[in-house]
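Undergrad: Here you go, sequence then predicted model.
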Protein chains: 2
Amino acid sequence: MESAIPEHLRCPRSQARRAPDDYVPPVPAWVARFDASVSRVAIACFGVQYRGSARAGVASAAIRRLVDACAAAEGPQHHDVAHHVDEAGYETLVLIAYWRDVPAYQRWWAESDLAIWWTSPEREREGVGYFREIFTPRAPHLETLFSSPDRFEGVGMLAASPSDQIYEHGYWGGARDRLPLAQTDGLAPGGVIGRVPTGSAGRIVLRPPQHLAVIRSGQDWSDTEGREREIYLGDVEPVLNEGMTFLRDHGRAIGCFANRYMRHVDGQGLPQRKSFGLSFWRSLAHLEIWAGSHPTHVAIFGSFMRMVKASEGQLRLRLYHEVMVLAEDEQSYEYVNCHPMTGMLRAIG
Amino acid sequence: MESAIPEHLRCPRSQARRAPDDYVPPVPAWVARFDASVSRVAIACFGVQYRGSARAGVASAAIRRLVDACAAAEGPQHHDVAHHVDEAGYETLVLIAYWRDVPAYQRWWAESDLAIWWTSPEREREGVGYFREIFTPRAPHLETLFSSPDRFEGVGMLAASPSDQIYEHGYWGGARDRLPLAQTDGLAPGGVIGRVPTGSAGRIVLRPPQHLAVIRSGQDWSDTEGREREIYLGDVEPVLNEGMTFLRDHGRAIGCFANRYMRHVDGQGLPQRKSFGLSFWRSLAHLEIWAGSHPTHVAIFGSFMRMVKASEGQLRLRLYHEVMVLAEDEQSYEYVNCHPMTGMLRAIG
């Protein structure tokens, strides 16, 4: 077993860990191990928002353009496409792409036709919304967790290997103990989220807040069978769905600006047996409070524990997450012709 | 509303709070407000351990002697007597007494016949065990929490008044946020608990560890009626009892050296409708891990929430706790003719 924090990012703590030194986790878990040369990654979330079948074609074409661009030389090492329907009845297709270094992402964006296409006033006149939520966390600002070491997702696809089993999980507060930055920083939120002037009324760029926490928390039930799949879809997923809906509809009162519960789709746009919630929190402490105390999350935890017992330790469900706590210069948000309850626009409502 | 930490003990934090600054508790709670002149209190736990009716008389007489001594000029401002049966089948009667200043306790002990009586070799030959567990926490090492502001227990009886409703509760980690010492100290445990040589084989004195956490967590159902009392005794208390038994029998593996689930008794030794668990933890972090993650405690929390709902906000059950994180010089332990699984003797087993 080893610490989740990689050796090259370990330093003397000024902030105490939540777990005592002799803590032993109740079940195993792993983290992604990045090469030490990976000092800062880029995670780009491109969205296309639409309502009705007439616009669906426009949206699909836009996503296809972005997916095709991912094959370029400076393209991302990994990408996913996912879909969801929001509470206003709009569908969203999202491409979420991962680069092992930020300059490569910047060259990909600037040196292709993409930036030209994106910034064209045409985008504001197609009857769909577009958004770019770009994260460039430095290595100490990122942590991951995986329930199995043999298949990774998201930013884990940039990793050289899985870790050994790690110590710091299985208790509320584990994410903070795994996050290298939290060894010396209390991660207090700061700054006011507002609009940055742009040339156009249809394009909204936001000023990011200090220490925003973003979590992508995912579920992969593609390998489950029989009874385990029944329990996941019939018992666990509905409880998860309720929690996701709570965060979407009532999260702002508890510091969750936005939550998208998304389903992966394949090249034909058909749903896969994988999902994730992507949410934006005022601070890691706000996320911890909900995860540690709110009845909706305690219920998710409880239903999952019942599933673990029923599977007698042979769980085929895979769970993972990636958590980032972002400095002001590690985030950017642009919304083009989107409705006002889209993503981080909800933070300035 | 106000912070649980009294103004005269507030200082700039080097240790981040668990709760974000805009956190709002889901239900109200209060803490005990001590006069600023109360810089250090004494909490003395005297125990008499016996098995069988022949010894019960000896034990009762010893407790009666201690209770009578509480009426002396330098006696405690408050005391309780409580009873429990341990897993070895021994009964224990405990007097737990509270002083607003430590010199008064020291004078009470030294200037009466008590110290002479206690240290007499006679005590080792009566077929009962005696123990003294003495705590002298400085004000920053102590925190309390009460579900109602109109009846206090334990160290709260030394308080001048209740606080206003306080912010820092209703989430895992609240106790640390309320503890003044935790503003600047990570409360890491240290030191090895061992025996200090005494003149006698029958008397065991222990060397205390740094930052031992002691919690007295109590329940008062004397004002409950009808359905609420049925639910407490039939649904909530059995779950609590299971959790208390888990800590007693399996706690050492998770850092809980000892746990006594005790029932208050009146002047005639008859049980009252009040109880408390008194447990000793290697560190506050060990207590937090169990309280925040262990199925037995999550079950207690869940059953209590059901009771709150059923009472429609008119709960007559009262809950409270006092938590101390003790420096080495704020604890002393003496065991006279006790079995080896008694209290902190379990820490050197």
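TA: Nice, thanks for sending it over.
Undergrad: Alpha carbons of stretch A:312-332, as CSV, please.
TA: Only the C-alpha atoms of stretch A:312-332 are listed here, as CSV (Å, rounded to 0.1, in the frame of the first residue of the first chain):
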residue,chain,number,x,y,z
GLU,A,312,-20.1,-11.0,-2.3
GLY,A,313,-17.0,-9.0,-3.1
GLN,A,314,-17.1,-9.8,-6.9
LEU,A,315,-18.3,-6.4,-7.9
ARG,A,316,-18.1,-5.7,-11.7
LEU,A,317,-19.4,-2.2,-11.4
ARG,A,318,-16.5,0.3,-11.7
LEU,A,319,-16.5,3.7,-10.0
TYR,A,320,-14.1,6.5,-10.3
HIS,A,321,-13.7,10.2,-9.9
GLU,A,322,-11.4,13.1,-10.7
VAL,A,323,-11.4,16.2,-8.4
MET,A,324,-9.7,19.5,-9.2
VAL,A,325,-9.4,22.6,-7.0
LEU,A,326,-8.6,25.4,-9.4
ALA,A,327,-6.7,28.6,-9.1
GLU,A,328,-8.1,31.6,-11.0
ASP,A,329,-5.7,31.1,-13.9
GLU,A,330,-6.6,27.4,-14.2
GLN,A,331,-10.2,27.9,-15.5
SER,A,332,-12.0,29.7,-18.3
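Undergrad: mind listing what's buried in it?
TA: A:315-327, A:330-332 (16 or more other Cβ atoms under 10 Å in any protein chain shown). C-beta here means a position set from N, CA and C on the backbone, and glycine is covered the same way.
Undergrad: Also stretch A:73-92?
TA: For stretch A:73-92, by 16+ other Cβ under 10 Å, it's A:74-76, A:78-84, A:86, A:90-92.
Undergrad: cool, stretch A:204-214 as well?
TA: Buried-residue list, stretch A:204-214, by 16+ other Cβ under 10 Å: A:Ile204, A:Leu206, A:Pro208, A:Pro209, A:Gln210, A:His211, A:Leu212, A:Ala213, A:Val214.
Undergrad: cool, stretch A:120-133 as well?
TA: Result for stretch A:120-133 [16+ other Cβ under 10 Å]: buried residues A:Arg123, A:Glu124, A:Glu126, A:Val128, A:Gly129, A:Tyr130, A:Phe131, A:Arg132, A:Glu133.
Undergrad: so what's the fourth one closest to, chain neighbours aside?
TA: With Cβ to Cβ, 6 or more residues apart in numbering or on different chains as the criterion, A:Val128 has its nearest non-adjacent residue at 4.5 Å, and that residue is A:Tyr50.
Undergrad: That neighbour touches A:Gly57, doesn't it?
TA: No. Between A:Tyr50 and A:Gly57 there is no contact under Cβ atoms under 8 Å: 9.1 Å.
Undergrad: And the two? Which one has more around it.
TA: Using other Cβ atoms under 10 Å in any protein chain shown as the criterion, A:Tyr50 and A:Gly57 rank with A:Tyr50 on top: 21 against 11.
Undergrad: Ramachandran angles for that one?
TA: phi -150, psi 160 (degrees, to the nearest 10).
Undergrad: and what of A:Thr184?
TA: Torsion angles, degrees, to the nearest 10, at A:Thr184: phi -130, psi 0.
Undergrad: which residues touch it?
TA: Residues near A:Thr184 by Cβ atoms under 8 Å, 6 or more residues apart in numbering or on different chains: A:Cys11, A:Pro12, A:Arg13, A:Ser14, A:Gln15.
Undergrad: Now for A:Cys45, how many residues are close by?
TA: When neighbours are counted by other Cβ under 10 Å, A:Cys45 comes out with 21.
Undergrad: What of the one 4 residues further on?
TA: Applying the criterion other Cβ under 10 Å, we find 24 residues in the vicinity of A:Gln49.
Undergrad: out of everything not next to it in sequence, what's closest to it?
TA: A:Gly129 is the one closest to A:Gln49 (Cβ to Cβ, 6+ apart), at 3.6 Å.
Undergrad: CSV please, covering the buried residues of stretch A:204-214 and showing distance to B:Gly173, secondary structure and pLDDT.
TA: What follows is these, written out as CSV (distance: Cβ to Cβ, whole Å; DSSP: H, G, I helix; E, B strand; the rest coil; pLDDT from 0 to 100):
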residue, distance to B:Gly173, secondary structure, pLDDT
A:Ile204, 37, strand, 96
A:Leu206, 31, strand, 97
A:Pro208, 27, coil, 96
A:Pro209, 23, coil, 97
A:Gln210, 22, strand, 97
A:His211, 18, coil, 98
A:Leu212, 21, strand, 98
A:Ala213, 16, strand, 98
A:Val214, 22, strand, 98
